[in-house]
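*Asks:* After the sequence you'll find the predicted model.
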Amino acid sequence: MGKALLTTGRRDALRAELPHVANLLRLRRAAEIEAAVIDELVELSWLEWLGGSLQLTATGSNICLQQGFK
């Protein structure tokens, strides 16, 4: 799936879901995040795999901050 295939509505839904995803990552509960959501967030460069761990990118962190999530 490419970035162009995500509709504006889906992208907005992912943006709204990102703070929840970030919280699950902080709590080390990444297994609770749907694989399709992970794939889409990685496609958007909001999440990345680093050394076998999933983490927010700088862009993902900024999106969370814009929504008041710290």
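*Replies:* Nice, thanks for sending it over. What you are looking at is a predicted structure, and each value in this text was computed from that prediction instead of being measured.

*Asks:* from here on, contacts and neighbour counts on C-alpha atoms
*Replies:* OK.

*Asks:* Please give me every residue in contact with residue 38.
*Replies:* By C-alpha atoms under 8 Å, 6 or more residues apart in numbering, the residues touching residue 38 are residue 47.

*Asks:* Can you pull the phi and psi angles for it?
*Replies:* phi -60, psi -50 (degrees, to the nearest 10).

*Asks:* what do you get for residue 49?
*Replies:* Per-residue torsions, residue 49: phi -90, psi 130 (degrees, to the nearest 10).

*Asks:* That one is in contact with residue 41, isn't it?
*Replies:* No: taking contacts as C-alpha atoms under 8 Å, residue 49 lies outside contact range of residue 41: 10.9 Å.

*Asks:* Residue 28 should be in a helix, yeah?
*Replies:* No: judged by DSSP: H, G, I helix; E, B strand; the rest coil, residue 28 forms no part of a helix; its state is coil.

*Asks:* Relative to residue 59, how far out is it?
*Replies:* Residue 28 is 20 Å from residue 59, where distance means C-alpha to C-alpha, to the nearest Å.

*Asks:* Kindly report the same for residue 31.
*Replies:* Relative to residue 59, residue 31 is positioned 22 Å away (C-alpha to C-alpha).
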